[in-house]
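S.K.: Model the structure of this input:
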Amino acid sequence: KYAVLDPELTVGLPPYTTATTGMDALAHAVEAYTNKTYNTKLENKLAKEAVKLIHDNILVAFEDGSNLEARQNMQRGAFYAGRAFTRGCVGYVHAVGHTLGGLYGVAHGLAMAVLLPHVMRQFGAPAQKRLAELADVCGIQGENAAQKAEAFLRWIEETNAQMGLPDGFDVIRDEDIDQMITWAKKEANPLYPVPVLWDAKALEKIYEMVKGDAIMVTEVGQHQMWVAQFSKIESSKTLLTSGGMGTMGFGMGAAIGASMATKERAVLVTGDGSDMPDTNSKRPVSVPKTPGVKNAFFNESCLMSLV
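M.R.: Modelled structure (predicted):
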């Protein structure tokens, strides 16, 4: 009968965890609302309220974890979304995400953040009306349902990017995809009342879409380590740039820009990282999908290794 939502308990939550758990709550609300089959007016109302709360507060909470109003609103949004999907159910975002978590250890919220726009976009017209209604709730504009739905999905992608979340996972192996499809189908079909029931080919498209690149920030001992994972390329040439993490945007931009122009391997060598935002938060930093280094590890003083 009661849910205790105390925002003070979440003040110390790192930005990365704030981002991924917030996007997980958004996935709960969006999937519950677009499923619609089992929903009553209550589930529809709660799902829309959850989306609005998350839309208005997730970046505030991410950027300022001490903002109690934003933290409280995110808690309410997560609670409303949870109540909505208790009856409305989730869908392929979760079915596919669970396979990535189970097989590769991908954090659940991160999987939800990356998969949500891809899955919703692939549903096409059957999901557009409901997505457009969510866009309306958030004040996102468009001339028709299709445009509003796409604008809503772009907002999700832009929010992910603003929070430094990647848009893909390079851990996905081709040889695992058939097994993951089997698992996802077994979970979702026909339990989840999704807008469109997918076959193996449709699920394969989703896995192919999110086979990609990421830069993840982790912490090793007392030192910060940035793990950059880009697309495989054939060239063995290397471009080196340097500078403290405060100039990371410039240095990385130069490296990535060069790799785009030359199709060669770009490596960023960084400084001590002391002035990089959120260095203790394990926050990921994302870059566009471009040719570049496969794995580059940076510590407090230099490039540690290139695999």
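
S.K.: From now on I want contacts and neighbour counts done on CA atoms only, so please keep to that.
M.R.: OK.

S.K.: packing partners for whichever helix in the chain runs longest?
M.R.: Taking DSSP state H as the criterion, the chain has its longest helix at helix 41-63. Secondary-structure packing of helix 41-63 (3 or more C-alpha pairs under 8 Å, 6 or more residues apart in numbering; DSSP states H and E): helix 15-35, helix 68-88, helix 125-138.

S.K.: what angle separates the shortest one from helix 15-35?
M.R.: Read that as helix 125-138. 120 degrees (axes from the mean of the first three to the mean of the last three C-alpha atoms, to 10 degrees).

S.K.: Helix 125-138 packs against which elements?
M.R.: helix 15-35, helix 41-63, helix 145-162.

S.K.: Can you report how many residues lie near Ile206?
M.R.: Per other C-alpha atoms under 10 Å, the neighbour tally for Ile206 reads 18.

S.K.: same thing with Glu143?
M.R.: Glu143, neighbours per other C-alpha under 10 Å, totals 7.

S.K.: next one: Asp64
M.R.: 14.

S.K.: Give me the pLDDT for it.
M.R.: At Asp64, the pLDDT value in this model is 98.

S.K.: That one: what's it in contact with?
M.R.: If you count contacts by C-alpha atoms under 8 Å, 6 or more residues apart in numbering, Asp64 has none.

S.K.: gap between the residue lying closest to Gln75 once chain neighbours are set aside and Lys205?
M.R.: Of all residues not flanking Gln75 in the chain, Leu5 sits nearest, at 6.3 Å (C-alpha to C-alpha, 6 or more residues apart in numbering). According to C-alpha to C-alpha, to the nearest Å, Leu5 stands 39 Å off from Lys205.

S.K.: How about Gly164?
M.R.: 24 Å.

S.K.: Also Leu134?
M.R.: 25 Å.

S.K.: more neighbours, these two?
M.R.: Leu134 (24 against 13).

S.K.: how many neighbours does Thr17 have?
M.R.: 17.

S.K.: Please apply the same query to the one 5 residues further on.
M.R.: The tally of other residues near Gly22 (other C-alpha under 10 Å) stands at 26.

S.K.: Nearest spatial neighbour of it, chain-adjacent residues omitted?
M.R.: Ile58 (6.5 Å).

S.K.: Repeat that for Ala78.
M.R.: The shortest distance from Ala78 to any non-neighbouring residue, by C-alpha to C-alpha, 6+ apart, is to Ala25 (4.9 Å).

S.K.: what residues are up against that neighbour?
M.R.: By C-alpha under 8 Å, 6+ apart, the neighbours of Ala25 are 77-78, 81-82.

S.K.: okay, it: pLDDT?
M.R.: Confidence for Ala25, expressed as pLDDT, is 98.

S.K.: Got phi/psi on Ile172?
M.R.: Dihedral pair for Ile172: phi -70, psi 130, per degrees, to the nearest 10.

S.K.: Who are the contact partners of it?
M.R.: Contacts of Ile172 (C-alpha under 8 Å, 6+ apart): 100, 104, 207, 211.

S.K.: circling back: just give the number of residues close to the residue nearest to Gln75.
M.R.: Leu5, neighbours per other C-alpha under 10 Å, totals 15.

S.K.: so what's it up against?
M.R.: Here Leu5 is in contact with 72, 75-76 (criterion: C-alpha under 8 Å, 6+ apart).

S.K.: does it count as helix, strand or coil?
M.R.: Under DSSP: H, G, I helix; E, B strand; the rest coil, Leu5 falls in the coil class.

S.K.: That one and Gly212, how far apart?
M.R.: On the measure of C-alpha to C-alpha, Leu5 and Gly212 end up 36 Å apart.

S.K.: now swap in Ala125 and tell me
M.R.: Distance, Ala125 to Gly212, by C-alpha to C-alpha: 26 Å.

S.K.: can you check Glu175 too?
M.R.: 16 Å.

S.K.: swap in Asp64?
M.R.: Distance from Asp64 to Gly212, by C-alpha to C-alpha: 30 Å.

S.K.: go on, Ala107?
M.R.: Ala107 is 16 Å from Gly212, by C-alpha to C-alpha.

S.K.: Between these two, which is the more surrounded one?
M.R.: Gly212 (20 against 16).
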